[in-house]
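K.L.:
no FASTA, just this:
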């Protein structure tokens, strides 16, 4: 097999406007510190076109797809479109029954206007206004859930024996409504709750799960923007439509799951003789004990419950080695978003152009590029556009439970979520890559692309636990998401800053729409980077593993049994 060398200069040339927009492919000669790649892989890198990524984003985020809600017409249109792109590119089907679709059985719950929530204090009964004061859901999938229970403040609602921490110690919480904080105890010590980096204990998903395991009747999470890393408008938009879960999920569920505005919680606590700031300070110290409050929650949750199927869309490019082709690198990106809210005045379509038509389009384009390459990697590559990420990572969770190859044979998951189209990046992020034995390969590949590896800017936001790679990490597969950094050579700094901030403000809002002026060369560069990184992982003599002592190492060992 003829081998050529790959270097950053080559990749920057490929990222240029000529290739990105027209598909013309210049000839190249080069040398590199990064090692060698088969000639077919060079072809795959050159096959990536920003213009096709742009076209896919434009269609996926169009009003015709109505925000790609899970289990909706728009979501199914998106899945069918992705499957067609795979088929047209010659990507092998890897879903159910020889097709591209992996059917995901789900249950959707939508809170109805008849829902009421009130809190009785020693002074009065306060009725909370839905969406303005609080968002209310039941997670037990019943049409009617009634909760009338006392309240216990349980700090962060965390049981973490490895850190010597238990907010539930000595507390009787069965049948109670638990008032708790988002996030986790602040720390600068990497050995205590990950230091400044948020662990899974800080995620709302964990808090609901743990409270249900403890037998609680409900949870009210106190929302504080700087702790949650997003404002109330994100909570409101994310929880005001249908919330879905896996139909085969047998874990205990809460009859009442709420978020409450910070100041509303502060006022309620004041009427019970408690100072929220004092409670927060106490909850941040070891030895904190839960506080029973002289409050009673009365909730009547009215819901519509819908059983349906959604789809993961899975394609495959078979590896070239007879034995290693049984193993796989998998690429993921979620295609769903928040759908349409008919009752909402004005623009009520949550188009999800950045989140995550960009990542979906990149997975499609990588599949096209690798399928068209004349030389395939030794291990197989799977390309999965997954559903229901916005509902709680359910599509990827189902895929991880029902993988196309045994979990022990998946060497790596590389995920793409919300990749900003802002020109040619000079930085790349991959939060969690350093936790794996692919660390040196990641850094070498970044150097080949003339990109600096940028540490995550806000590790306290817990980004590692908020996208689909986490579903694979939980079952032991080394996994992380690839993102751009903050600097782009294709545009002035002021333009980048203005557009980046506008995209951030549009998170989970109808304003996350396709814009012609965006520069999708960044998505093309990171697609090439993903191909090169995955290809190198596919060519390694052994499988990628977690670094010794990592929290997911034991799950990896278990999957190999």
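P.N.:
Looks like it came in fine. A quick note: this is a predicted structure, and the numbers were derived from the prediction, not measured.
K.L.:
If we go by neighbour counts, what in stretch 434-453 is buried?
P.N.:
435-438, 441-451, 453 (16 or more other Cβ atoms under 10 Å). The way it works is simple: take the backbone N, C-alpha and C, and place the C-beta from them, glycine included.
K.L.:
Relative to residue 291, how far out is the spatially closest residue to residue 407 that is not a sequence neighbour?
P.N.:
Closest residue in space to residue 407, ignoring its immediate chain neighbours: residue 559 at 4.0 Å, by Cβ to Cβ, 6 or more residues apart in numbering. Residue 559 sits 41 Å away from residue 291, going by Cβ to Cβ, to the nearest Å.
K.L.:
cool, residue 380 as well?
P.N.:
54 Å.
K.L.:
repeat for residue 318
P.N.:
Applying Cβ to Cβ to residue 318 and residue 291 gives a distance of 59 Å.
K.L.:
per-residue confidence at the residue in the chain sticking out farthest from the centre?
P.N.:
In the chain, residue 123 marks the outermost C-alpha relative to the chain mean, sitting 42.7 Å out by Cα atoms, centre = their mean. pLDDT for residue 123: 92.
K.L.:
Residue 418 too?
P.N.:
96.
K.L.:
Quick check: phi and psi at the residue nearest to it when sequence neighbours are not counted.
P.N.:
Counting by Cβ to Cβ, 6+ apart, residue 418 lies nearest to residue 355, which is 4.5 Å off, once chain neighbours are set aside. When read as degrees, to the nearest 10, the backbone of residue 355 gives phi -110, psi 90.
K.L.:
tally of neighbours for residue 355?
P.N.:
25 (other Cβ atoms under 10 Å).
K.L.:
ok, and the closest non-adjacent residue to residue 383?
P.N.:
residue 367 is the one closest to residue 383 (Cβ to Cβ, 6+ apart), at 4.0 Å.
K.L.:
Was I right to think the one you found contacts residue 89?
P.N.:
Yes: Residue 367 is within contact range of residue 89, at 6.0 Å (criterion: Cβ atoms under 8 Å).
K.L.:
between those two, who's got more neighbours?
P.N.:
residue 367 (27 against 19).
K.L.:
Need the phi and psi values for that one.
P.N.:
Per degrees, to the nearest 10, the backbone of residue 367 is at phi -60, psi -40.
K.L.:
out of all of them, which helix in the protein is the longest?
P.N.:
Ranked by residue count and defined by DSSP state H, the top helix of the chain is helix 521-539.
K.L.:
Name the residues that touch the next helix or strand after that one?
P.N.:
Proceeding N to C from helix 521-539, the next assigned helix or strand is helix 553-559, under DSSP states H and E. When contacts are defined by Cβ atoms under 8 Å, 6 or more residues apart in numbering, helix 553-559 is touched by residues 406, 407, 408, 473, 474, 475, 476, 477, 478, 545, 546, 547.
K.L.:
which of those count as buried?
P.N.:
Counted by 16+ other Cβ under 10 Å, these give 407, 408, 473, 474, 475, 476, 477, 478, 545, 546 as buried.
K.L.:
how about those, which pair is most distant?
P.N.:
474 and 545 (15.9 Å; Cβ to Cβ).
K.L.:
For the residue most central in space within the chain, which three-state class applies?
P.N.:
Nearest to the mean C-alpha position of the chain, by Cα atoms, centre = their mean, lies residue 467 at 1.5 Å. Secondary structure, DSSP: H, G, I helix; E, B strand; the rest coil: residue 467 is coil.
K.L.:
same question, residue 293
P.N.:
strand.
K.L.:
Identify the residue spatially nearest to it, adjacent ones excluded.
P.N.:
residue 151 (4.6 Å).
K.L.:
Would you agree the one you found falls within a strand?
P.N.:
Yes: under three-state DSSP, residue 151 sits within a strand.
K.L.:
Could you check how many residues crowd around it?
P.N.:
Burial of residue 151 is recorded as 24 neighbouring residues (other Cβ under 10 Å).
K.L.:
Might you report the residue contacts of it?
P.N.:
Contacts of residue 151 (Cβ under 8 Å, 6+ apart): 119, 176, 177, 178, 179, 220, 292, 293, 295, 296, 297.
K.L.:
about what we covered before: measure the residue nearest to residue 383 to residue 283 for me?
P.N.:
Using Cβ to Cβ, residue 367 is found at 47 Å from residue 283.
K.L.:
Ok, residue 527 next?
P.N.:
Distance, residue 527 to residue 283, by Cβ to Cβ: 44 Å.
K.L.:
Also residue 375?
P.N.:
In this view, residue 375 and residue 283 are 57 Å apart by Cβ to Cβ.
K.L.:
between those two, which one's more packed in?
P.N.:
Higher neighbour count among residue 375 and residue 283: residue 283, with 21 against 16, using other Cβ under 10 Å.
K.L.:
How about the more buried one, nearest residue that isn't a chain neighbour?
P.N.:
What sits nearest to residue 283 in space, not counting adjacent residues and going by Cβ to Cβ, 6+ apart, is residue 155, at 3.3 Å.
K.L.:
quick one, what contacts that neighbour?
P.N.:
Here residue 155 is in contact with 167, 180, 181, 279, 282, 283, 288, 290 (Cβ under 8 Å, 6+ apart).
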